[in-house]
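Enquirer: I'd like to go over a predicted model; first the sequence, then the structure.
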Amino acid sequence: MPLIASPFLLALILSLDMMKGPAEVAHGPMFLGLTMNILLYGIMITQIYLYMTTYKRDPLFIKLYVAALMLADTLNTGFMVAYLYESLIIHFDDLAYLARANWVFATDPAMTGIIGSGVQLFYAWRIHTLTGNLWIVGLICTCALTNAFGGLASAAAIAFVPQFSHFQEFQVPVICWLMSAAVGDVIITATLVRFFRNHRSGCSSTDTRVDHIIRLTIQTGMITSMCSVIDLGLFLGDSSGMHLLFNLPLAKLYSNSLMSSLNARGGWRRSEPDDSGEIKTVPLHLSVNVPDINTSPAGTYDLPTLAMTQQTESRVTTTVNSVSQKSYIDSPV
């Protein structure tokens, strides 16, 4: 009986797949992917609010970068909402329109490549700041630029092959785009995990924080790399638009992974304001100027003063060391 039922079940599945409506082939997965995109966009708004209200002392270029990332995410979601509305509402019964992509849809691979590349370049800057390894930084930058150019090339190819069922004809730019994104994510994750493992302090509270950052780094890197690989596999192995289910949320996964690493310096909880009402946080780069206590205005110290000065120096040195250790933990990685 199973031998008879299996071919019958396979034939039934194939017949159901052939009976799909014109909007189910590409616009069905696209709609589900856009739903995930909008959900992640809402999470992105929350993370932006937490960042802007908590890390007010971050450098200006970091804040400008976050604002540009938010703008790119907004454009990405807006373009895809406009495309689906135009396809499913305005051209509801236009079968020829549903079978073809236009320039509005082409903005998705372009924006995804740009956002993913921007996130990887930011991680490359942080890895250069933390490790100074130019070889790894150069490799990450190469993957990031290939990610961007691959996304732009895929968007340009849609103008020449607009039919959804023929998208597999331009495999080369898509492979370069998604594979470089996955490889770059793996390199970033492995480098950061190795760095933090090598900088354990031996203090239980600090090591617990380090373990939390390591888990977060692995999770975010694994999500983006796996989503890119699944997207590429479905694109190469399925002629339908099922790969769009994983492609549309990809840009938001990159931006959310970056914002979660920035906000991980203080966790999801809000920092308590001080008496002045300003929230105090640890900046990206810490520098403590310790005065030279080897000399005094009078040129000499009496014994009580010297003993007190040595105790003060010891406390300041301990504080500086603890703050320096904390600066590794609170860096946005």
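Expert: Received it, and whenever you're ready, just let me know what you need.

Enquirer: how many neighbours does the closest residue to Ser180 other than its chain neighbours have?
Expert: Closest residue to Ser180 apart from its sequence neighbours, by C-beta to C-beta, 6 or more residues apart in numbering: Thr146 at 3.7 Å. (C-beta placed from N, C-alpha, C; glycine too.) Using other C-beta atoms under 10 Å, Thr146 has 21 neighbouring residues.

Enquirer: quick check: buried residues in the helix or strand containing Thr146?
Expert: Assessed by DSSP states H and E, Thr146 sits inside helix 134-160. Within helix 134-160, the residues scored as buried using 16 or more other C-beta atoms under 10 Å are 136-137, 139-141, 143-155, 157-158.

Enquirer: repeat for stretch 41-60
Expert: For stretch 41-60, the neighbour count (16+ other C-beta under 10 Å) marks 41, 44, 47-48, 50-51, 54-55, 58 as buried.

Enquirer: redo those residues as TSV? Include pLDDT, distance to Gly221 and secondary structure.
Expert: Output for those, formatted as TSV (pLDDT from 0 to 100; distance: C-beta to C-beta, whole Å; DSSP: H, G, I helix; E, B strand; the rest coil):
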residue	pLDDT	distance to Gly221	secondary structure
Tyr41	96	21	helix
Met44	96	18	helix
Gln47	94	17	helix
Ile48	95	21	helix
Leu50	93	21	helix
Tyr51	94	20	helix
Thr54	90	24	helix
Tyr55	91	22	coil
Asp58	90	22	coil
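
Enquirer: so what's Leu130 closest to, chain neighbours aside?
Expert: Spatially, and ignoring its direct neighbours in sequence, Leu130 is nearest to Phe195 (5.7 Å; C-beta to C-beta, 6+ apart).

Enquirer: packing partners for whichever strand or helix holds the one you found?
Expert: Using DSSP H and E, Phe195 maps to helix 171-197. In terms of contacts (3 or more C-beta pairs under 8 Å, 6 or more residues apart in numbering; DSSP states H and E), helix 171-197 is packed against helix 103-130, helix 134-160, helix 204-237.

Enquirer: could I get those as TSV with distance to His243 and mean pLDDT?
Expert: Below are the helices and strands packed on helix 171-197 laid out as TSV (distance: least, C-beta to C-beta, whole Å; pLDDT from 0 to 100):
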stretch	distance to His243	mean pLDDT
helix 103-130	11	94
helix 134-160	12	94
helix 204-237	4	82
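
Enquirer: of all the ones you listed, which one comes closest to Gly78?
Expert: Between Gly78 and the helices and strands packed on helix 171-197, the tightest spacing by C-beta to C-beta is seen for helix 103-130, at 9.4 Å.

Enquirer: next, Ser240: secondary structure please.
Expert: The three-state label given to Ser240 by DSSP: H, G, I helix; E, B strand; the rest coil is coil.

Enquirer: can you tell me how far it sits from Trp135?
Expert: 41 Å (C-beta to C-beta, to the nearest Å).

Enquirer: now do the buried residues in stretch 222-230.
Expert: Buried residues in stretch 222-230, counted by 16+ other C-beta under 10 Å: 223-225, 227-230.

Enquirer: likewise stretch 177-193?
Expert: 177-185, 187-189, 191-193.

Enquirer: hmm, who's touching that stretch?
Expert: Applying C-beta atoms under 8 Å, 6 or more residues apart in numbering, the external contacts of stretch 177-193 come out as 109, 113, 116, 120, 123-124, 127, 130-131, 133, 136, 139-140, 142-144, 146-147, 150-151, 153-154, 214, 217-218, 220-222, 224-225, 228-229, 231-232, 235, 250, 333.

Enquirer: list the contacts of Asp73.
Expert: Contacts for Asp73 (C-beta under 8 Å, 6+ apart) come out as 41, 44, 115, 251-252, 255.

Enquirer: likewise for Arg100?
Expert: If you count contacts by C-beta under 8 Å, 6+ apart, then Arg100 has 162-164 around it.

Enquirer: rerun at 7 Å
Expert: With contacts defined as C-beta atoms under 7 Å, 6 or more residues apart in numbering, Arg100 is in contact with 162-163.

Enquirer: same deal with Gln47?
Expert: If you count contacts by C-beta under 7 Å, 6+ apart, Gln47 has them with 256, 259-260, 263.

Enquirer: show me the protein divided up by domain.
Expert: Residue ranges for each domain of the chain read 21-263, 285-333, as given by automatic domain parsing.

Enquirer: one step back: close enough to count as contact, the residue nearest to Ser180 and Pro173?
Expert: No: between Thr146 and Pro173 there is no contact under C-beta atoms under 7 Å: 10.1 Å.

Enquirer: what about Thr146, distance to Ala72?
Expert: Taking C-beta to C-beta, one finds Thr146 at 19 Å from Ala72.

Enquirer: equivalent analysis for Ser165, please.
Expert: Distance from Ser165 to Ala72, by C-beta to C-beta: 29 Å.

Enquirer: dump the residue contacts of Met30.
Expert: Counting by C-beta under 7 Å, 6+ apart, Met30 has contacts 84, 241, 244, 248.

Enquirer: which SS class is it?
Expert: Met30 carries the three-state label helix when classified by three-state DSSP.

Enquirer: look up the pLDDT of it for me, please.
Expert: Looking at Met30, its pLDDT is 93.
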